[in-house]
Each structure stands twice: as structure tokens, then as C-alpha cells.
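K.L.:
let's see this in three dimensions:
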Amino acid sequence: MNTATIHETTAIAAAVAAVTAAQELLLIPLSKLRPSSRNVRKSGSTSIPELAASIARVGLLQNLNVVLAADGEHYEVVAGRRRLAALKLLVKRRKLAKDFEVACLLGSDAAARTVSLTENVQREAMHPADQFEAFADLVAEGRPIEDIAADFGVTPLVVQRRLKLANVSPRLLADYRGNTVTLEQLMALAITDDHAAQEAAFYESPQWQRSPEALRDHLTHEEIEACRDALAKFVGVQTYEQAGGAVRRDLFADEQNGIFLTDAALLESLAKDRLVPMVEQVHAEGWGWVDVAPRATSADLHQFQRMRSKRREPSKAEAKRIAKLEAQQRKLQDRLDDENEDMTDEQAQAAQDEMDMLGNELEAIERTLVVYPPRTMATAGAVVSLDHMGGVIVHRGLLREDQAKALQEKERDGHGADDDAERSEVAGKGKLTISEKLVKRLSAHRTAALQAEVARHPHVALVAVVHGLALRVIHGEHHGSPISITANPQDRLEQYAPDVAEAPAAVGMRQVREAWAERLPSDSDALFAELAAMPQQELLSLLAVCVGLTVTAIASREDEAPAAALAQAVGLDMHAWWMPTAAGYFDHVSKAKALEGVQAFAPGEVNRLGKLKKAQIASEAERLAAGTGWLPAMLHAQEVADTAEPHVEAQADAEAQEDEHAAA
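P.N.:
The predicted model follows:
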């Protein structure tokens, strides 16, 4: 940034004018040039390779400023250090001769520092928007993108990004020049070429919803982000494209992110086709029916009742194999945990891969030990689905409501199975297994997430307000609404969960609240006037924030589901808001309950962890749960079937063994 005043720059220019008469333009061999200690620029020697590539393509466009060195043979460069470094790099790469003649302006020794200062102070950097448009003009003149990239020593992707930014709405570019739109916001808006959509996303959103992430989400909310979607991970972007699926790519994202799929129906069809072999395999086990539901949620599965499974004792051969695999796992784990073990990154990764293979084999053996009453398998069924990582998961032993009732009636009438071993047992609700303190802790996190979701859904917030008013005014009811119409902010959740203040939902709501507090006047009359002049959409956004902050969903029992209808309306998905940690969950449950969770997301590790102490189990459980998407039962039981982010998690209750993860 140029911080010199007009008087300073005028003085510098006058000083230079006094010595320009003594300057002389010379062609000096590159080998006789060297940097000068009197060059006032001490930093900024970046992008030398790019500058070198540009010089190689289009030549040196600006001369160097030099003075004669003390030895009388060499010249010191007082202005043009980056150009000199780029020329030397070209010599090193054998693209220029050592004695290549460089255009230099020879000045007096007395004026060396003044000339250097003048060149750096008087220059004015080109605005990035001018650069974007200049790149677009070059393409309009017929220059290939590859040639332009070579001219400036950059990759074709850099040129494509400049062109993408040049194609943003002129109104937004003008505001970018005026510093009311940031470069990051411009990059997010460039996800679409539709100028009207770009302007609507930015100008019709309240200030607090103009972050780059929010703008990108606004423009792609009807599309599927490949890096996050289970079906996209399972099918693969390449397969989807080969089938004719349309794709939108964010040029400003890395290779793993920023790919959006626009044909949801095609993606689901491809996923179902790929699941057919697994369906046939499961059907061959003897189940009465097998459904395919790639996006099955916990709410979908909650419609079924479950048969109780039993774990048979392994045979001698199976027990021997299990013991061998576990011993190999322990040996590898000891190597990985040994700080004195001198392992390269490649060796550590190989050991971890081998651990995973052993775990998969143990898991496969464990699945064969789970048995169901044979005579009722023909009535019950299974659902083949995908977990949140895109892996195949089979939910076995499911009974539809009418099937469950029929089996229960048979049992009551004595017409069921011939003996207890084969009797169909419909699994009921398990006993409560976590403490009230932990229930409140988890529900505090759920409340914070629900507040954030309501703040993002103005229509639902309006429905919640009218719902609460109608209950009180129309029906005279005092209970039944999850919001407080008296507008008491529910912002003391730390009393239930000390760590909730740093949770993403709480942090986001705190930032939004502070942003509105800075904008809105505190005086009642001034506030009313401000709200009266506010556009309706923005007013609804403020309403959503206010309503969101009044939401309370604290539970005292594991089987309670406060604000279930509100959660369903906003599509609450706790995967986006909470992760299982030792401090947040595993430290607060029994050893058996912690291992029950591990059985759901890392069944091959249960036997190993079972021999550890409670604190070690909690620490290991946190590590193993990372990235699996596992949630405690009370956090996923109320998920809705049409949630936008599909996740299917292994059950963490007493029937966790009924879920099976199969290789894709």
C-alpha cells in the first residue's frame, strides 16, 4: 500500500529530476550484475519462477536501475532485484547465456538509494479486477489459455480462475473495486455464471449470511456435494459422469472438494444398481424380504421392530483364528505405540493398513457368529443401505408393524416356534443406560444445534411462533411449544454441558447475535423504525435468529424427545454439529456402554479395548470414532426421513450386532 503523502512523493520526484540528466541507458552482460545493499526493498522477493517464465516468453519489459560497483567492473542493481533474480534463474535453467545483455539505466552513486525508493514508492499496484478483465480480453482476442498461462508463468488453472472471476456480475465487480465485496465472496459467487443468481445470493441475503460458505451454499443448495454425500462416494463421480450426469465444479476448491452433482435421481439409480449383488446375497441368507434404501435414515429404520439376535459360541477353528488375528493386532499396535520404534511414515501407514485388514477379517468372523431364529427369518427382512462414508451396511432382522403384531399374537396363542431357541422375539425398547447428567449434556448440544438450524430456516421459525401463539390464544394451552414466546434466550447451556460454548452451533449463533447487536439500535423507537424499513426477507431472517435463541430441548431421560416436531421441520442432523469424544461422552458412560458404542463403529477393536482400563478405552474410542459419523442413540433417534444430509449409523443400543457393514 502506498503510504507516502503528496508532499513526500513530490519531494522524491524533485530529487530524482536533479540527477536524471546524468543517467545513461546501457546493455550490460548479466554476469556483471549483482544485487545492491542500497536497494530499499528488503522483502517481497516472491514468485521468481513465474516472473522468469514470463521473461522467457515475452522478454524483459522494464530495465534495471544500476550504479557502478566499487571494483569498477561490476554493476549493483538498486532497483529491479526480482527481475535480476528471475534472469539468474533463467541462466541456471540454461535458458539464457551468462553474458546475456540486460537493458540497464546507469545512475550516479549518490542517487542510488533515492532512485530505489522512488521506483517502489511511486508505483501503483494494478487492481485485481483489472487483471481479471485483462485476461478475459486476451482470450477474446483469440489467445489460447495455455499460451496465456505460459506468458505469465502460471498454470492454465490460474488463468481459468481469473476468467471465472472476470465473468462475475459487473455490479459485483464494481463493488469489489469499491471494497464492499471481498475476493473470497467473489470466488464463492463464481460457482455459477448466472449474474441474476449471483446478485440475488449476495444482495438479498442479510449481512451475516454473506460469508463465502453461506453464499456458495445458497447457490448450490439444490445440488449434491460429492465429497460429503454418501451416494456420491459410493457411486463415484467418474461413474456418474459416464452415465451422463451433469457436474458443476468449483474452480477455487481443491481436487477433493467443490464438485456438485445436479442429477439426484440418476445418482440414486446408479447406487441402487450397484447394490443389487449385495441384495441378492442377503436374500440368499433366507430373509423373507430385502429392500434397497441407499439414503435410509434412523427415522426410516425406526419404523421397524427388530428380531433379537443371539451370538453363538465360535467353533474351535474360529476361536483359534480369532485369537491369532487379535495377537497380530496387538503386536502391530505395540509397534505403532512404541515411541522408540524407528518407523518411517510409509512403514507406519503399512502397519495401519495391515491393522485395518485384520480388523475387517475379525469383523467378518463376528458377523458369522450372529444368528437369528430360522423359522422367523422367512417373515422378517433386511434393508441394504449406505453409511455416511459411502460404505454398504445391511440392517437385518427387521419386522414391519403388521409382521411384528402377527408374531406376537402367535406367541400369545402358543402357536409360535417349537422351542425357546427358535422363538421369534421382537426386540422392545432397551432399558435406560446413560445417566441423567449425560442426557442433559447431550441434549444441551442438541439444543444448540436446533437453535442454529431454526436460525437458518425463517419459515420454520415463523411457524414455531404462530404455533406457540395459537396454542395459548386459540386453544388456551400453556404447554406444547418448544419455544418461549416471552423471548427468554436459552443461552445458559453451559450449566449442562461445559464444552457447549465452543461447539460449532453455539459459536455460530454467538457470532450472528453479535452481528445483529452491532447493527440494530438499542432504543425502542429507533429499533421499531429500523425494523419497519427492513425488507421482509431480512426481517424474517432476524425473526429466525430470535426464535432460534429461545429454543429449549433439554431432556432428563434418554428416551425423551423434546422439540421433535421442530427438529423434523428443520431436518436436524446432529452429524453436522457433534462428534463423540472422551470428554464429551465416553468418560461419562460405563465401560460396557463405551464398548457397546465401539461395537457399532469398530467391532474388530472391541476385544482389544475390553482389556484396557476405563480411561484408555475412552481415549481409544474417541480415536476410533473419528470420521465414522457414529452418534449415541438419543442424538439420532429423531432424525427425519427427508433430511438433506443422509446418514445411516450402526445402532448403539443393545441390538448393535444386528447391523452389518459389508464391503462395497
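K.L.:
count the residues that sit near the nearest residue to residue 259 once chain neighbours are set aside.
P.N.:
Distances taken as Cβ to Cβ, 6 or more residues apart in numbering place residue 226 nearest to residue 259, at 4.1 Å, with adjacent residues excluded. For every residue, glycine as well, the C-beta is placed using N, CA and C. Counted by other Cβ atoms under 10 Å, the residues lying close to residue 226 total 22.
K.L.:
and residue 226, what's its pLDDT?
P.N.:
As predicted, residue 226 sits at a pLDDT of 89.
K.L.:
please apply the same query to residue 218.
P.N.:
89.
K.L.:
just the element for it, please.
P.N.:
Assigned by DSSP states H and E, residue 218 belongs to helix 212-220.
K.L.:
tell me which residues in that helix are buried?
P.N.:
Of all the residues in helix 212-220, those buried under the rule 16 or more other Cβ atoms under 10 Å are 212, 214-220.
K.L.:
whichever helix or strand comes after that helix pairs with which strands, and in what direction?
P.N.:
Going down the chain from helix 212-220, the next helix or strand is strand 224-225, by DSSP H and E. Using DSSP bridges, strand 224-225 pairs in its sheet with strand 259-261 (antiparallel).
K.L.:
which residues does the strand it pairs with contact?
P.N.:
Here strand 259-261 makes contact (Cβ atoms under 8 Å, 6 or more residues apart in numbering) with 191, 220, 223-227, 229, 232, 237, 240, 245-250, 253, 267.
K.L.:
ok, residue 377 - contacts?
P.N.:
Applying Cβ under 8 Å, 6+ apart to residue 377 gives the contacts 285-288.
K.L.:
check what pLDDT it gets.
P.N.:
pLDDT, read off for residue 377, is 85.
K.L.:
and residue 439, by the same measure?
P.N.:
Confidence score, pLDDT, at residue 439: 83.
K.L.:
which secondary structure elements does the helix or strand it falls within contact?
P.N.:
Using DSSP H and E, residue 439 sits in helix 436-455. Helices and strands touching helix 436-455, by 3 or more Cβ pairs under 8 Å, 6 or more residues apart in numbering; DSSP states H and E, are helix 458-473, helix 504-519, helix 536-550, helix 564-570, helix 633-636.
K.L.:
run through the neighbouring helices and strands of the shortest one.
P.N.:
Judged by 3+ Cβ pairs under 8 Å, 6+ apart, helix 633-636 is in contact with helix 436-455.
K.L.:
ok now the helix it packs on, how far from the chain's centre?
P.N.:
21 Å (Cα atoms, centre = their mean, to the nearest Å).
K.L.:
with stretch 599-614 instead?
P.N.:
Counting by Cα atoms, centre = their mean, stretch 599-614 comes out at 29 Å from the chain centroid.
K.L.:
what is the end-to-end distance of that stretch?
P.N.:
This stretch, stretch 599-614, spans 16 Å end to end (Cα to Cα, to the nearest Å).
K.L.:
what mean pLDDT does that stretch have?
P.N.:
The model assigns stretch 599-614 a mean pLDDT of 80.
K.L.:
output the longest strand belonging to the protein.
P.N.:
strand 392-399 (DSSP state E).
K.L.:
quick check: residue 634 touching residue 555?
P.N.:
Yes - between residue 634 and residue 555 a contact is recorded at 7.3 Å, counting by Cβ atoms under 8 Å.
K.L.:
what touches both of those two?
P.N.:
Joint contacts of residue 634 and residue 555 (Cβ under 8 Å, 6+ apart) are 439, 443.
K.L.:
so where's this protein uncertain?
P.N.:
For the chain, the stretches flagged by pLDDT under 70 are 1-22, 44-46, 122-124, 299, 339, 411-433, 466-491, 636-664.
K.L.:
what about the longest helix seen in it, distance to the chain center?
P.N.:
Secondary structure of the chain per DSSP state H: the longest helix is helix 345-368. On the basis of Cα atoms, centre = their mean, helix 345-368 sits 27 Å off its chain's mean C-alpha point.
K.L.:
state the distance from the residue nearest to the spatial centre of the chain to residue 243.
P.N.:
Residue closest to the average C-alpha location in the chain (Cα atoms, centre = their mean): residue 228, at 7.3 Å. Using Cβ to Cβ, to the nearest Å, we find residue 228 at a distance of 20 Å from residue 243.
K.L.:
again, but for residue 361
P.N.:
For residue 361, the distance to residue 243 - Cβ to Cβ - is 34 Å.
K.L.:
for residue 541, same thing?
P.N.:
Taken as Cβ to Cβ, the span from residue 541 to residue 243 is 39 Å.
K.L.:
and the two? Which one has more around it.
P.N.:
residue 541 (23 against 14).
K.L.:
show me what contacts that one?
P.N.:
Applying Cβ under 8 Å, 6+ apart, the residues near residue 541 are 205-206, 209, 458.
K.L.:
got the angle between the longest helix of the chain and strand 392-399?
P.N.:
20 degrees (axes from the mean of the first three to the mean of the last three Cα atoms, to 10 degrees).
K.L.:
from memory residue 104 sits against residue 66, does it?
P.N.:
Yes - between residue 104 and residue 66 a contact is recorded at 4.6 Å, counting by Cβ under 8 Å.
K.L.:
need the residues touching each of those two.
P.N.:
Joint contacts of residue 104 and residue 66 (Cβ under 8 Å, 6+ apart) are 28, 33, 75, 77.
K.L.:
nearest to residue 62, of these?
P.N.:
Comparing the shared contacts of residue 104 and residue 66 against residue 62 with Cβ to Cβ places residue 77 closest, at 12.2 Å.
K.L.:
pretty sure residue 305 is touching residue 397, no?
P.N.:
No - between residue 305 and residue 397 there is no contact under Cβ under 8 Å: 9.3 Å.
K.L.:
neighbour-wise, which of the two wins?
P.N.:
residue 397 (27 against 19).
K.L.:
if you drop the residues flanking it in sequence, what lies closest to the more buried one?
P.N.:
residue 307 (3.9 Å).
K.L.:
is the one you found in a bridge, and if so with what?
P.N.:
Beta-bridge partners, per DSSP bridges, of residue 307: residue 426.
K.L.:
just the ones of the contacts of residue 541 in helices?
P.N.:
Judged by DSSP H, helices contain the following of the contacts of residue 541: residue 458.
K.L.:
okay if I get the contacts of residue 541 as TSV plus neighbour count and distance to residue 437?
P.N.:
Listed next are the contacts of residue 541 as TSV, based on neighbours: other Cβ atoms under 10 Å; distance: Cβ to Cβ, whole Å:
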residue	neighbour count	distance to residue 437
205	17	40
206	21	38
209	20	36
458	21	35
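K.L.:
now distance to residue 386 too, for the contacts of residue 541, in JSON lines please.
P.N.:
Shown next, in JSON lines, are the contacts of residue 541 (distance: Cβ to Cβ, whole Å):
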{"residue": "205", "distance to residue 386": "33"}
{"residue": "206", "distance to residue 386": "36"}
{"residue": "209", "distance to residue 386": "31"}
{"residue": "458", "distance to residue 386": "32"}
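K.L.:
and the furthest pair within the contacts of residue 541?
P.N.:
Pairwise across the contacts of residue 541, and taking Cβ to Cβ, the largest span is found between 205 and 458, at 11.6 Å.
K.L.:
pick the one among the contacts of residue 377 closest to residue 508.
P.N.:
Closest to residue 508, out of all of the contacts of residue 377 and judged by Cβ to Cβ, is residue 287, at 44.1 Å.
K.L.:
my guess is the closest one contacts residue 380. True?
P.N.:
Yes - taking contacts as Cβ under 8 Å, residue 287 lies within contact range of residue 380: 6.4 Å.
K.L.:
more neighbours: which of these two?
P.N.:
residue 380 (26 against 19).
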